[in-house]
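Engineer: Requesting a structural model of the entry that follows:
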Amino acid sequence: MRVHLIAIGGSAMHNMALALHEKGFKVTGSDDEINEPSKTRLKNVGILPEEIGWFPAKITADIDAIILGMHAREDNPELVKAKELGLKVYSYPEYIYEATKDKTRVVIGGSHGKTTITAMILHVLNFHKIDTDYMVGAQLEGFSTMVKLTKDAPIAIIEGDEYLASPIDRRPKFHLYKPNIAILSGIAWDHINVFPTFENYVSQFEQFVNLIEPNGYLFYCHSDVELCKVAEKSGIRNHITKMAYDIPKHHIKNGITYIEENETVIPLQIFGNHNLLNLNAARLACNQLGITDAKFYDAIQSFTGASKRLELVFKNAHFSFYKDFAHSPSKLKATTQAVKQQFDNRKIIACMELHTFSSLNETFLAEYNGAMNDADEAIVYFNPHTIEHKKLKAITPEQVMHYFNRKDLKVFTESETLVNYLKSQSLKDAVLLMMSSGNFDGIDFKHLSTELLIN
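Structural biologist: Sure thing, here's the model as predicted:
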């Protein structure tokens, strides 16, 4: 089997390339930019393109499948050549479905929590040595790649992103997976460049439920009012079983969260109501895969979280530093609230970066009203050059303060100034939470933690 990946250097695409190479396929690819860690990982297995750029001559009639990444454009010369030759062109999610269509597919969707729920399920399956294919949106501890596709694994665990499938396929990715078991964690408007209204965004989740395989299962968050409406009105024709989940009974003692299950308590290495909701969603899916509650709880105790999801950067007796992927209003609120609940006797300093298209859009900023109110000190950072690069209308610190609706909000537009401010603060008995889908324009968190401890 010969497969060529157009835009092989992306985070998801290079993991797909590694998975197909591991499967024994002949893998080639092209890209106009390949950065680390993709470059080294592709080089180590001998599939790094010899030259950077697009080369139509690479596209020949003996290629069995073309996989098209989001980074490519509609007029990509290799894509044009593939169409001329009549080759089968798959989007990334299309190929995931093609490789898993004969397996039991568990698809995890929702505006937040997808990666964590997927990671939890994979952790439990791995703990009990149950073979599975998977696709997840972050590098997980204990897993060499973000994608695994095999011939024999009977199960596939798939993180179901609602963003577009490819430059030539405007369907949301999660519409292509047709799950046997589906999870929806919540609905909070995002990706306004693709879904311009909340109603349009919600309709994508209704369609997802209607695409669950006949007699399949849907597990959804009971505390999300909009999601409950979607679950109630959708999925009638495919005769699916629906079950809502909520926060399990628990308590916090000495900074550790314990699940209360019958007469036993189960200590966790994660915390926060949103993570407890994620845990219950993962448990229900695992039940359908034949894993009892007892086996689930036995495994989940050692789960430390997905990358950049309340990931601990540094801690000592008086100070803790976490980084998180939170960037949308709902994620920001849930993550800040979780840290406040877990460390109710410490000062919580929450700092977030406006980095995505939606978050930097003046129209969307109003959605952040009150999103950081659980923090003792709230900080927002954005880079005006990022806004300019995305060709968006400029925003001001005054607008950010207005829309976040917090009078003591601090707003920074230079990362160096932000770092200097943090270094000037007394951080004894404090928790610092840095949240972004970017990197605050290159701030090295490990290095920052050592600098903060000098004071």
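
Engineer: For Val380, which three-state class applies?
Structural biologist: Of the three states, Val380 takes strand according to DSSP: H, G, I helix; E, B strand; the rest coil.

Engineer: doesn't Ala350 make contact with it?
Structural biologist: No: contact between Val380 and Ala350 fails when scored by CB atoms under 8 Å: they sit 9.5 Å apart. Every C-beta, even on glycine, is put in place using the N, C-alpha and C of the backbone.

Engineer: What residues of stretch 447-455 count as buried?
Structural biologist: Within stretch 447-455, the residues that count as buried by 16 or more other CB atoms under 10 Å are Leu448, Ser449, Leu452.

Engineer: what does stretch 312-325 give?
Structural biologist: Buried residues in stretch 312-325, counted by 16+ other CB under 10 Å: Phe314, Phe319, Ser320, Phe321, Tyr322, Lys323, Asp324, Phe325.

Engineer: you'd agree the first one is in a helix?
Structural biologist: Read that as Phe314. No: counting by three-state DSSP, Phe314 is not found in a helix; it is strand.

Engineer: Now that we're looking at it, what pLDDT does it have?
Structural biologist: pLDDT recorded at Phe314 is 92.

Engineer: wait, what's in contact with the residue nearest to it when sequence neighbours are not counted?
Structural biologist: Closest residue in space to Phe314, ignoring its immediate chain neighbours: Ser449 at 3.9 Å, by CB to CB, 6 or more residues apart in numbering. Applying CB atoms under 8 Å, 6 or more residues apart in numbering, we find Ser449 in contact with Val313, Phe314, Phe321.

Engineer: Equivalent analysis for Tyr90, please.
Structural biologist: Listed by CB under 8 Å, 6+ apart, the contact set of Tyr90 reads Ala65, Ile66, Ile67, Leu68, Glu98.

Engineer: so what pLDDT did Lys390 get?
Structural biologist: Reported pLDDT at Lys390 in the predicted model: 81.

Engineer: Give me the nearest residue to it, chain neighbours excluded.
Structural biologist: Looking at Lys390 with CB to CB, 6+ apart, the closest residue is Phe357, at 5.8 Å.

Engineer: got it, and Ile96?
Structural biologist: Met135 (5.5 Å).

Engineer: residues near the one you found, how many?
Structural biologist: Using other CB atoms under 10 Å, Met135 is surrounded by 28 other residues.

Engineer: Go ahead and confirm it touches Met146.
Structural biologist: Yes: the criterion here is CB under 8 Å, and Met135 meets it with Met146 at 6.9 Å.

Engineer: Pull up the overlap in contacts between the two.
Structural biologist: Taking CB under 8 Å, 6+ apart as the criterion, Met135 and Met146 both touch Ala12.

Engineer: For Gly160, state which of the buried residues of stretch 312-325 is nearest.
Structural biologist: Phe325 (16.6 Å; CB to CB).

Engineer: residues contacting the closest one?
Structural biologist: By CB under 8 Å, 6+ apart, Phe325 lies in contact with Thr115, Ala138, Lys308, Arg309, Lys331, Met435, Ser436, Ser437.

Engineer: can you tell me which of those are in helices?
Structural biologist: Using DSSP state H, the members of the contacts of Phe325 that fall within helices are Thr115, Lys331.

Engineer: Hmm, which of the contacts of Phe325 is lowest in pLDDT?
Structural biologist: Lys308 (75).

Engineer: ok, back up a step: looking at strand pairing, list the partners for the residue nearest to Ile96.
Structural biologist: Beta bridges link Met135 to Val147, Ile158, judged by DSSP bridges.

Engineer: From Ile8, how far off is it?
Structural biologist: Look at Met135 and Ile8: by CB to CB, to the nearest Å, they are 16 Å apart.

Engineer: Any idea how many residues pack against Gly24?
Structural biologist: Counted with other CB under 10 Å, residues neighbouring Gly24 total 9.

Engineer: Please dump the buried residues of stretch 447-455 into TSV; it should also carry distance to Asn210 and secondary structure for every row.
Structural biologist: Shown next, in TSV, are the buried residues of stretch 447-455 (distance: CB to CB, whole Å; DSSP: H, G, I helix; E, B strand; the rest coil):
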residue	distance to Asn210	secondary structure
Leu448	47	helix
Ser449	47	helix
Leu452	50	helix
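
Engineer: ok, these vs Phe404, which is closest?
Structural biologist: The closest of these to Phe404 turns out to be Leu448 (CB to CB; 23.3 Å).

Engineer: so the closest one sits right up against Leu422, yeah?
Structural biologist: Yes: between Leu448 and Leu422 there is a contact at 7.3 Å, judged by CB under 8 Å.

Engineer: which stretches of the stretch 1-150 of the chain form strands?
Structural biologist: Per DSSP state E, counting those that start in this stretch, the stretch 1-150 of the chain carries strands over the ranges 2-6, 26-30, 65-68, 89-91, 104-109, 133-135, 147-148.
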